[in-house]
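K.L.:
pasting the sequence and the predicted coordinates here, then a few questions.
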Amino acid sequence: MRAVTLTDFVQGLLMISVVVLCGGFALGANSGAATLYDLAITLRPQWEGTEAFPLASYIGAFVIWATVNAVLPHTVMRIFAAKNERQGRASLAIGLGLYVLTAVVTTVFVVAAVVVLQGGEDLEAPDSTFLIFLAQQTPTWLAGLAFAGIFAAVMSSVSAMLLALGGAFAYDQAHLDDVADLRADPRVTISGVGAAGSGMSAEDVVEGYVEPTAVDKLVRDYVLKERRDGNVRFRIGQVRQIGKAAIAAELADWGRVRELREADRLIRELLSKVP
């Protein structure tokens, strides 16, 4: 995870720097934004003379263009590599924001500069616009940084994809197997979520009582790490039998809607039997 985070940070910093610098070189070589745009329109009037569409069409096209990155495979791989859902959402929002802010203005400037460089003539391959700009209007070191950024993006996408695939396999196979083994371990007396009569499906949660002398050995055997949002809850103590009152208290301790609902049901069942 740290390796992917580091490569993503370096790659993003590199690419944003290249894009911003290219926009600066385009403006600097053509005496500012207004002059550059007017010169590009003069050389290629059809660049501005597009067919008119309803306002909703322009808004829809912009929204699609600005958010399409959120569903691209390499972006999804990075979200899967995030530490948690909150960080995944934050990184996606920041990434899309930087993408929109830097790409909108800079793309216009770079395209306008290439129009000027080509004298308004058509390009054999429109996809080569950025490459033409790098070759003809930027110093060698900036072109080198741009190509380094492209290679960094490819390598980062591959590393994120491999990490996501490995994480999915570990969660779907090894993780669930470990959960089943831990739940069946005789040193753990299952309670709370997953206990008989709790009304809850344990899924990947293990909650139970463990004798004080067995805790350290269990932690080592299953390579458990202490986390506030972890899926394993041990209560230390010697317990022979788990009653409904204890299960209700343990469910209520989660503080979540489903657990609180089942805890309330168990308490009502107990109260209904009181003479």
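P.N.:
Okay, I see it.

K.L.:
which residues in the stretch 101-250 of the chain form strands?
P.N.:
188-190, 206-210, 232-236 (DSSP state E, counting those that start in this stretch).

K.L.:
could you identify which of those strands is most buried?
P.N.:
Across the strands of the stretch 101-250 of the chain, averaging neighbours per residue (mean count of other CB atoms under 10 Å) puts strand 206-210 on top, at a mean of 23. All C-beta spots, glycine's among them, are computed from the backbone N, C-alpha and C.

K.L.:
state the mean pLDDT of it.
P.N.:
The average pLDDT for strand 206-210 rounds to 89.

K.L.:
on that earlier part again, distance to L131 added to the strands of the stretch 101-250 of the chain, as CSV?
P.N.:
Formatted as CSV, the strands of the stretch 101-250 of the chain follow (distance: least, CB to CB, whole Å):
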stretch, distance to L131
strand 188-190, 61
strand 206-210, 55
strand 232-236, 53
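
K.L.:
out of these, nearest to F147?
P.N.:
Closest to F147 of the strands of the stretch 101-250 of the chain is strand 232-236 (CB to CB; 47.5 Å).

K.L.:
need the residues that contact that closest one.
P.N.:
If you take CB atoms under 8 Å, 6 or more residues apart in numbering as the criterion, strand 232-236 is touched by 182, 188, 191-192, 205-212, 215, 218, 222, 224, 250.

K.L.:
now stretch 32-47
P.N.:
26-27, 30, 48, 108-109, 111-113, 115-116, 119-120.

K.L.:
let's see 6 Å
P.N.:
Here stretch 32-47 makes contact (CB atoms under 6 Å, 6 or more residues apart in numbering) with L27, N30, E48, A112, V115, V116, G120.

K.L.:
now those residues in a markdown table, with neighbour count and pLDDT?
P.N.:
Below are those laid out as a markdown table (neighbours: other CB atoms under 10 Å; pLDDT from 0 to 100):
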| residue | neighbour count | pLDDT |
| --- | --- | --- |
| L27 | 19 | 84 |
| N30 | 21 | 82 |
| E48 | 9 | 67 |
| A112 | 24 | 87 |
| V115 | 22 | 86 |
| V116 | 20 | 87 |
| G120 | 16 | 80 |
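
K.L.:
name the nearest residue to S191, sequence neighbours excluded.
P.N.:
I242 (4.6 Å; CB to CB, 6 or more residues apart in numbering).

K.L.:
give me phi/psi at that neighbour?
P.N.:
Phi and psi for I242, reported as degrees, to the nearest 10, are phi -100, psi 120.

K.L.:
and stretch 57-75, how far apart are its ends?
P.N.:
26 Å (CA to CA, to the nearest Å).

K.L.:
can you pull the buried residues of it?
P.N.:
Within stretch 57-75, the residues that count as buried by 16 or more other CB atoms under 10 Å are T75.

K.L.:
run the chain-centre distance for that stretch.
P.N.:
Centroid separation for stretch 57-75 versus its chain: 16 Å, with CA atoms, centre = their mean, to the nearest Å.

K.L.:
picking that back up, among the contacts of stretch 32-47, which lie within helices?
P.N.:
Among the contacts of stretch 32-47, the ones falling in helices (DSSP state H) are L27, A112, V115, V116.

K.L.:
and the residues you listed, which two are the farthest apart?
P.N.:
L27 and V115 (14.2 Å).

K.L.:
pLDDT weak spots in the stretch 51-200 of the chain?
P.N.:
Residues of the stretch 51-200 of the chain that meet the criterion pLDDT under 70 lie in 51, 73-74, 77-78, 80-81, 160, 164, 167-168, 170-177.

K.L.:
which parts of it are helices?
P.N.:
Using DSSP state H, counting those that start in this stretch, the helices found in the stretch 51-200 of the chain span residues 55-67, 73-80, 85-117, 129-137, 140-169, 176-184.

K.L.:
of these, which approaches G199 most closely?
P.N.:
Of all the helices of the stretch 51-200 of the chain, helix 176-184 comes closest under CB to CB, at 17.1 Å.

K.L.:
packing partners for that closest one?
P.N.:
Judged by 3 or more CB pairs under 6 Å, 6 or more residues apart in numbering; DSSP states H and E, helix 176-184 is in contact with strand 206-210.

K.L.:
next, the angle from the strand it packs on to helix 176-184.
P.N.:
Relative orientation of strand 206-210 and helix 176-184, computed by axes from the mean of the first three to the mean of the last three CA atoms, to 10 degrees: 40 degrees.
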